[in-house]
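K.L.:
please work out how this folds:
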Amino acid sequence: MVPRLGVKQRDKLTLYVDGQARSSAQAPLLVLAGAKDFAVGGNPNYTGAPEFLAARFADLRFYALALSAEEVKQSYEAGCGKR
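P.N.:
Residues are numbered from 1 along each chain as shown. Here you go, the predicted structure:
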């Protein structure tokens, strides 16, 4: 299992693999939603066909602020990469 981390910082989304930045893309500067709930792999408010994400998560975290590249590296070295 390869540790991956996505970080959205302002209008840039960066993918980290094994603690290293691998790719980035432009993202909307602001994401506004009135939702009071969320789900990983599906939208709990969608009434169409069922949504499903076929995946396993060994470690899933949400942060209120974007991590810096150094914080991503430190997190990986502290244990995420030791799985």
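K.L.:
quick check: what element follows the helix or strand harbouring residue 6 along the chain?
P.N.:
With secondary structure defined by DSSP states H and E, residue 6 is part of strand 4-9. Once the chain leaves strand 4-9, the next helix or strand it forms, by DSSP H and E, is strand 12-17.
K.L.:
each with direction, which strands does that following strand pair with?
P.N.:
strand 4-9 (antiparallel), strand 20-26 (antiparallel) (DSSP bridges).
K.L.:
now mean pLDDT and distance to residue 62 too, for those strands, in CSV please.
P.N.:
Heads up, the C-betas are built off the backbone N, CA and C, glycines and all. Output for the strands paired with strand 12-17, formatted as CSV (pLDDT from 0 to 100; distance: least, Cβ to Cβ, whole Å):
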stretch, mean pLDDT, distance to residue 62
strand 4-9, 88, 11
strand 20-26, 94, 20
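K.L.:
what's the burial count for the residue nearest to residue 57 when sequence neighbours are not counted?
P.N.:
Closest residue in space to residue 57, ignoring its immediate chain neighbours: residue 40 at 7.6 Å, by Cβ to Cβ, 6 or more residues apart in numbering. Neighbourhood size, residue 40 [other Cβ atoms under 10 Å]: 9.
K.L.:
quick one: residue 40 and residue 62 touch, right?
P.N.:
No - Residue 40 sits out of contact with residue 62 when judged by Cβ atoms under 8 Å, with a separation of 9.6 Å.
K.L.:
how about the helices in this protein?
P.N.:
Remark: helices assigned in the chain by DSSP state H are 69-77.
K.L.:
and the residue nearest to residue 26 when sequence neighbours are not counted, what does it touch?
P.N.:
Distances taken as Cβ to Cβ, 6+ apart place residue 11 nearest to residue 26, at 6.0 Å, with adjacent residues excluded. Residues near residue 11 by Cβ atoms under 8 Å, 6 or more residues apart in numbering: 26-29.
K.L.:
how close does residue 11 get to residue 63?
P.N.:
Distance, residue 11 to residue 63, by Cβ to Cβ, to the nearest Å: 18 Å.
K.L.:
residue 39 too?
P.N.:
Distance, residue 39 to residue 63, by Cβ to Cβ: 18 Å.
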